[in-house]
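[1] Sequence and predicted structure, then a few things I'm wondering about:
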Amino acid sequence: MKSELISKPPKLKTPSSSAPAAGHLQIIGPEEAGQRLDNYLLRWAKGVPKSHVYRIIRSGAVRVNKKRAEPTTRLVEGDVVRVPPVRIAEPAQMAAVNSAQTKSRAHGYSDKMPILFEDEALLIVNKPAGLAVHGGSGIALGVIETLRITRPELKFLELVHRLDRDTSGVLLLAKKRSALVELHRQIREGQTDKCYFLLAHGEIVQGAKTMQLKYPLHKYLLANGERRVRMDPDGLPSHTALRVTKIFKRDDAAITLAEAQLKTGRTHQIRVHLQKLGHAILGDDKYGFEDIDKLIKSKRLYLHAHLAGFTHPRTGEKMRIESPLPPEFTAMMKTFE
């Protein structure tokens, strides 16, 4: 990160806007350029409450090139950002990263996360099931923290998109901010391709054509703070294209291997769409069939991101990164054969 510390911020509370302090001056480099001021400060001020960051921006205590700025102001290379003195607390997960035990765990996670593709702009890994993409809510280490520990030479590394903790497969990370911005543009404009393999309960009956699942989805929180999604007429539109690959039967039970192509990228989208069909994904502890999962001994959520298609943000080359079907899928299907 090309930033310059001109005066070390004392550990004091933020002063009022009527008595501004010299504070902390940062010069925006090429990797920070293009992002919003609020996002930049939230990354810089690790441990500072989000509400406080927005308060100091709106109070005028944060200046860009000596002028007041809005949270949505886009930063340009060479901009000088002045931030008032703030107390930068170290979050629990950042403190944990400093321990030898956590570093050892990170290397263990990294060994189970093969690299599918890497160049100067991108790092694409095969995320295992059970590993969150980032820390938080009691999770000290996710994919991003693991890679920042095991690849300290990477000065910039950010997730391009996310996968559920229990979903495995292709995960894109950007090593350059310009690559991150470009891939986010492609995702917003529907220029990327994401396909998943899944095993669903029961026999999904399908004709010759691909099933188009379109349901409005609403995201909400349970009393314990856990995320959930439900069908809601006032929800956001979602679209999954589902194609049945093969049916497996055993006695009076059946499972379906299918491929799901995301047309939109809502939280838990495929999982809720399969629940709506009455064919929940095997091992889904949020939207599935717990009793049947116990009977057939589901070992995980059987959802795997097997393909990511996009245009390389620097070369313009059409990319198709694939991850093979995990061995747990093959083992489960064999029990039905």
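    Sure, I can see it. This is a predicted model, so every value here is computed, not measured.
[2] got the phi/psi numbers for Ser104?
    Dihedral pair for Ser104: phi -60, psi -40, per degrees, to the nearest 10.
[3] What's opposite His239 in the beta bridge?
    On the basis of DSSP bridges, His239 is bridged to Lys214.
[4] can you map out the helices along this protein?
    37-44, 50-58, 92-97, 100-111, 143-150, 177-188, 269-277, 290-296, 327-336 (DSSP state H).
[5] quick one: which of these is nearest Glu317?
    helix 177-188 (12.9 Å; Cβ to Cβ). No exception for glycine: its C-beta is placed from N, CA and C like everyone else's.
[6] Tell me which residues touch Ala200, please.
    255-256, 258, 274, 277, 279-282 (Cβ atoms under 8 Å, 6 or more residues apart in numbering).
[7] Please convert the buried members of those into ChimeraX selection syntax.
    Under the burial definition 16 or more other Cβ atoms under 10 Å, those of the contacts of Ala200 that qualify are selected in ChimeraX by:
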select :255,256,258,274,277,279,280,281,282
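[8] mind giving me the domain split of the protein?
    1-89, 92-180, 192-336 (automatic domain parsing).
[9] what's the closest of those to Gln186?
    Of all those, domain 192-336 comes closest under Cβ to Cβ, at 5.1 Å.
[10] So for the closest one, mean pLDDT?
    Per-residue pLDDT over domain 192-336 has a mean of 94.
[11] From start to finish, how long is that domain in a straight line?
    34 Å (Cα to Cα, to the nearest Å).
[12] Make 26 the starting number, not 1.
    Shifting the count to begin at 26 puts that one at domain 217-361.
[13] Next, format the contacts of Ala225 as CSV and append distance to Ala233.
    Output for the contacts of Ala225, formatted as CSV (distance: Cβ to Cβ, whole Å):
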residue, distance to Ala233
Ile280, 21
Thr281, 16
Ala283, 15
Leu299, 21
Leu302, 18
His304, 19
Ala305, 25
Ile306, 24
Leu307, 25
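[14] So which of the contacts of Ala225 sit within strands?
    280-281, 283 (DSSP state E).
[15] How about the contacts made by Gly59?
    99-101, 202-203, 206.
[16] Just the pLDDT for the residue nearest the centre of the chain.
    Computing the C-alpha centroid of the chain and ranking residues by Cα atoms, centre = their mean puts Arg187 first, at 2.3 Å. On pLDDT, Arg187 comes in at 92.
[17] which residues does it contact?
    158-159.
[18] likewise the one 5 residues further on?
    Residues touching Thr192, when contacts are defined by Cβ under 8 Å, 6+ apart, comprise 152, 154, 221, 326, 328-330.
[19] cool, and Ser263?
    238-242, 289, 291, 294, 298.
[20] got TSV for the residues you listed, with distance to Ser84 too?
    Below are these laid out as TSV (distance: Cβ to Cβ, whole Å):
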residue	distance to Ser84
Leu238	47
Lys239	45
Tyr240	43
Pro241	39
Leu242	37
Thr289	38
Arg291	35
Gln294	39
His298	45
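[21] which of these lies closest to Gly227?
    When the contacts of Ser263 are compared against Gly227 (criterion: Cβ to Cβ), the nearest one is His298, at 14.6 Å.
[22] quick one: the closest one and Pro241 touch, right?
    No: counting by Cβ atoms under 8 Å, His298 does not reach Pro241; the two are 11.5 Å apart.
[23] Those two: who's more crowded?
    His298 (24 against 14; other Cβ atoms under 10 Å).
[24] Please report the distance of the nearest residue to that one once chain neighbours are set aside from Leu198.
    In space, and not counting its chain neighbours, His298 is closest to Leu238: 4.4 Å by Cβ to Cβ, 6 or more residues apart in numbering. According to Cβ to Cβ, to the nearest Å, Leu238 and Leu198 sit 29 Å apart.
[25] Between the two, tell me which one has more neighbours.
    Leu198 (24 against 19).
[26] now the more buried one, which residues is it bridged with?
    Applying DSSP bridges, one finds that Leu198 bridges with Leu148, Leu184.
[27] Can you tell me how far it is from Val168?
    Where Val168 is concerned, Leu198 sits at a distance of 8 Å (Cβ to Cβ).
[28] Mutual contacts of those two, please.
    With Cβ under 8 Å, 6+ apart as the test, Leu198 and Val168 both reach 150, 184.
[29] Is there a neighbour count for Ile174? I'd like the number.
    Ile174 - counted by other Cβ under 10 Å - has 19 other residues nearby.
[30] Enumerate every residue touching it.
    Residues in contact with Ile174 (Cβ under 8 Å, 6+ apart) are 122, 127-128, 131-132, 166.
[31] Mind exporting the C-alpha coordinates of stretch 160-175 to PDB?
    Extracted in PDB, the C-alpha atoms of stretch 160-175 (Å, rounded to 0.1, in the frame of the first residue of the first chain):
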ATOM      1  CA  GLY A 160     -12.900 -14.200   9.300                       C
ATOM      2  CA  GLY A 161     -15.400 -12.700  11.700                       C
ATOM      3  CA  SER A 162     -18.200 -13.900  14.100                       C
ATOM      4  CA  GLY A 163     -15.800 -16.000  16.000                       C
ATOM      5  CA  ILE A 164     -13.800 -17.200  13.000                       C
ATOM      6  CA  ALA A 165     -10.200 -16.000  13.200                       C
ATOM      7  CA  LEU A 166      -9.100 -17.500   9.900                       C
ATOM      8  CA  GLY A 167     -10.800 -17.600   6.500                       C
ATOM      9  CA  VAL A 168      -9.400 -17.900   3.000                       C
ATOM     10  CA  ILE A 169      -8.300 -14.200   2.800                       C
ATOM     11  CA  GLU A 170      -6.600 -14.200   6.200                       C
ATOM     12  CA  THR A 171      -4.900 -17.600   5.300                       C
ATOM     13  CA  LEU A 172      -3.500 -16.300   2.100                       C
ATOM     14  CA  ARG A 173      -2.300 -13.000   3.600                       C
ATOM     15  CA  ILE A 174      -0.400 -15.000   6.200                       C
ATOM     16  CA  THR A 175       1.000 -17.600   3.800                       C
END
